[in-house]
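In: Following is a predicted model, sequence given first.
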Amino acid sequence: QSSGSNVGLGGASGKHNRKSSVVIRSLMDNEAQFELRNSDTSVANALRRVMISEVVTMAIDLVTFEENSSVLNDEIIAHRLGLIPLKYSYRPGETSLLEG
């Protein structure tokens, strides 16, 4: 048996008439561990997508070129710059890039 909290997700799920639940294993400021039980993959995927959308991210958005003498187009270089992961310290209302 688990020692976590049990949270129901509503009534019957699809044609199998099963009741979904979430068992919360641990909950911290920036991390949570849980189990999703008796659920369709569509519910798990929807939950995953909601959690991903709530993660605060930062990326290079606008790039201005004065002169590009490389063989790559400006758009390709700008796109590649946008793919660089940026580390920063997040506090609601302010962001600052981390050095290193």
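Out: Ah, there it is.

In: Show the subsequent helix or strand relative to the helix or strand harbouring Ile77.
Out: Per DSSP states H and E, Ile77 falls inside helix 74-82. Downstream of helix 74-82, the next assigned helix or strand under DSSP H and E is strand 88-91.

In: can you give me the helices for this protein?
Out: Secondary structure of the chain by DSSP state H: the helices cover 41-53, 74-82.

In: Can you say which of the ones you listed is packed in most?
Out: Compared across the helices of the chain, helix 74-82 shows the largest average neighbour count, a mean of 13 (mean count of other CB atoms under 10 Å). For the C-beta atoms, the positions are set from N, CA and C on the backbone; glycine is no exception.

In: which residues are contacting that helix?
Out: Residues external to helix 74-82 that are found in contact with it (CB atoms under 8 Å, 6 or more residues apart in numbering): Ala59, Ile60, Asp61, Val63, Phe65, Asn68, Ser70.

In: Skipping adjacent residues, who's closest to the last one in space?
Out: Looking back up the chat, that one is Ser70. Ile77 (7.2 Å; CB to CB, 6 or more residues apart in numbering).
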